[in-house]
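In: after the sequence you'll find the predicted model.
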Amino acid sequence: MPATHLNGPVLVIGTGLLGASIGLGLSRRGVRVLLSDTSPTAQAVAQDIGAGTILDAATAPSPELVVVAAPPDVTADVVSGALRDHPGATVVDIASVKSSILEALRADTRLGPAELERYVGTHPMAGREKSGPAAARGELFTAMPWVVCALPESRTECRLAAESLAIDLGATVSRMDAAEHDAAVALVSHFPQVASSLLASRLLNAPAHALALAGNGLRDTTRIAASDPRLWIQILSHNAPQIVPILHGLREDLNRLIATLEDPTGPGALLDLAELMGEGNAGQARIPGKHGAPPQAFAVVTVLVDDRPGQIARLLADVGEAGVNVEDLRMEHSSGHQVGMVEISVLPGRSGELIGELTERQWKVVQ
Ligand SMILES: NC(=O)C1=CN([C@@H]2O[C@H](COP(=O)(O)OP(=O)(O)OC[C@H]3O[C@@H](n4cnc5c(N)ncnc54)[C@H](O)[C@@H]3O)[C@@H](O)[C@H]2O)C=CC1
Ligand SMILES: O=C(O)C(=O)Cc1ccc(O)cc1
């Protein structure tokens, strides 16, 4: 079991997707986790999957750290309660927006300055398009960024406790203030969500024969359109001032593109399209790779796999035996066929070796 910086107990308030994932990850590392949720079902499911034990306020020891993992619109109120109920604890929240919560806490007359010194806002940049504890994963945060927004008055030991939470769960700490955080996530998280939802909503009246042709391009760009609307209504409305300027920029680009495509043979039209695609290529290339490393082009080895149970596991075991690290993996099913294509991304320079090993083991490698 890896050593942890936190001693515990850690009280998780809100045991949905994120809270139960935190509970699972900490419990697996040997930290005692107490669980609390307004929904008795969410609490019970979180306990059943091993995320911790349901809090019994009468007998529970005082927590070292309280993690508020409730929806954004109740987060400030729950943090305020936790700061008052647990005077010896650091209290962090993990909500996707930070400034609106901080403003509400600063305006909260039930809190004194000494209480706010124990609060640190945080945001793990990891999640899923599902909600609830049944979708929780203890390894959700491994190698993902975790933003820590300490206040100027946050106590050092409280900032360190917040950072320990992220580090113990395998995440990478990124320090910034609430305003910087909100501007950054508006661009890299909230705008993609809006774009994906807008794109997917265009499919509402699409004929079935058109949808049957959908490939990974559409699946990749609409995956997060399946996200929980109840959460996203809150995120978007809390961070609206940061999102609106990005949408104005999008509108300008759309107007330009529409004008170009309305006269695709007009002067400069093709150059305009080339510029648009080129700017997209350049923007995409700026997205960092795994572990915050610079973007890296991987070689992709494509393998045809029969759609039978156990095939992927057998393929991955063979890749492992070949001694080649899998950097990324994706699978494409063609509808109506009993075969799938698995794309294995590996470091450039290792693909030839992998193709040789897999071919020798009778896999059908697409060249
Ligand atoms: N879903 C995601 O991918 C990510 C979500 N977050 C943030 O994590 C927080 C939780 O989100 P999810 O786990 O996805 O939502 P969820 O819907 O899966 O879980 C939220 C839980 O909070 C409980 N809850 C509601 N009001 C409460 C209260 N007053 N006291 C105690 N518990 C209460 C609900 O019963 C529910 O079990 C949100 O603030 C969200 O912005 C952060 C990163 C990623
Ligand atoms: O599913 C994804 O790719 C995400 O980006 C999930 C996510 C959702 C909300 C957040 O505040 C942070 C991360």
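Out: Right, received. Where do you want to start? Ligands and ions are numbered 1, 2, ... in the order given.
In: C-alpha only now, for contacts and for neighbours.
Out: OK.
In: what parts of the stretch 51-200 of the chain come near ligand 1?
Out: Within the stretch 51-200 of the chain, the positions adjacent to ligand 1 are 69-72, 74, 78, 94-96, 123-128, 131-132 by Cα under 6 Å from any ligand atom.
In: which of the residues you listed fall in helices?
Out: Within those, residues falling in helices by DSSP state H are Pro72, Val74, Val78.
In: so which of these wins on neighbours?
Out: Pro72 (24 neighbours; other Cα atoms under 10 Å).
In: quick one on the thing from earlier: among the residues of the stretch 51-200 of the chain next to ligand 1, which ones lie close to ligand 2?
Out: Ser96, Met125, Ala126, Gly127, Arg128.
In: just checking: what are the partner strands of the lowest-mean-pLDDT helix or strand in the chain?
Out: Within the chain, no helix or strand scores below strand 328-333, which has a mean of 79 by mean pLDDT, DSSP states H and E. Within its sheet, strand 328-333 is paired with strand 339-346 (antiparallel), according to DSSP bridges.
In: circling back: which one of the ones in helices among the residues of the stretch 51-200 of the chain next to ligand 1 is nearest to ligand 2?
Out: Distance to ligand 2 across these (Cα to the nearest ligand atom) is lowest for Pro72, with 10.0 Å.
In: in contact with the closest residue to that closest one other than its chain neighbours, which residues?
Out: Distances taken as Cα to Cα, 6 or more residues apart in numbering put Ala95 closest to Pro72, at 5.5 Å, once the chain neighbours are dropped. Neighbouring residues of Ala95 by Cα atoms under 8 Å, 6 or more residues apart in numbering: Ala69, Ala70, Pro71, Pro72, Thr75, Thr122, His123.
In: out of the residues you listed, who has the most neighbours?
Out: Thr122 (31 neighbours).
In: so where does the closest residue to it other than its chain neighbours fall, helix or strand?
Out: Closest residue to Thr122 apart from its sequence neighbours, by Cα to Cα, 6+ apart: Val148 at 4.4 Å. Using DSSP states H and E, Val148 sits within strand 145-150.
In: next: Gly320.
Out: Per DSSP H and E: helix 311-321 holds Gly320.
In: what of Ala161?
Out: helix 156-168.
In: pull the CA atoms of that helix into PDB?
Out: Coordinates of each C-alpha in helix 156-168 appear next as PDB, following Å, rounded to 0.1, in the frame of the first residue of the first chain:
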ATOM      1  CA  THR A 156      -0.200  26.800   5.400                       C
ATOM      2  CA  GLU A 157      -1.100  23.500   7.000                       C
ATOM      3  CA  CYS A 158      -4.600  23.700   5.400                       C
ATOM      4  CA  ARG A 159      -3.100  24.400   1.900                       C
ATOM      5  CA  LEU A 160      -0.800  21.500   2.500                       C
ATOM      6  CA  ALA A 161      -3.700  19.200   3.500                       C
ATOM      7  CA  ALA A 162      -5.500  20.200   0.300                       C
ATOM      8  CA  GLU A 163      -2.400  19.400  -1.800                       C
ATOM      9  CA  SER A 164      -1.900  16.100   0.100                       C
ATOM     10  CA  LEU A 165      -5.400  15.000  -0.900                       C
ATOM     11  CA  ALA A 166      -4.500  15.500  -4.600                       C
ATOM     12  CA  ILE A 167      -1.100  14.000  -4.300                       C
ATOM     13  CA  ASP A 168      -2.300  10.900  -2.300                       C
END
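In: please enumerate the strands of this protein.
Out: 10-13, 33-36, 53-54, 65-68, 90-93, 119-124, 145-150, 172-175, 299-306, 328-333, 339-346, 364-366 (DSSP state E).
In: ok, the shortest one: who's next to it in the sheet?
Out: Strands that pair with strand 53-54, judged by DSSP bridges, come out as strand 33-36 (parallel).
In: quick one: mean pLDDT for the partner strand?
Out: Strand 33-36 shows a mean pLDDT of 98.
In: do the same with stretch 240-256
Out: Computed over stretch 240-256, the average pLDDT equals 98.
In: pretty sure Leu354 is touching Val319, no?
Out: Yes - with contact defined as Cα atoms under 8 Å, Leu354 counts as touching Val319 (7.2 Å).
In: of these two, give the one with the bigger neighbour count.
Out: The residue with more neighbours, out of Leu354 and Val319, is Leu354; 22 against 18, by other Cα under 10 Å.
In: give me the pLDDT for the more buried one.
Out: 93.
In: could I get the ones in helices among the residues of the stretch 51-200 of the chain next to ligand 1 in a markdown table, plus columns for pLDDT and distance to Asp328?
Out: Converted to a markdown table, these look like this (pLDDT from 0 to 100; distance: Cα to Cα, whole Å):
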| residue | pLDDT | distance to Asp328 |
| --- | --- | --- |
| Pro72 | 98 | 32 |
| Val74 | 98 | 37 |
| Val78 | 98 | 38 |
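In: perfect, that will be all.
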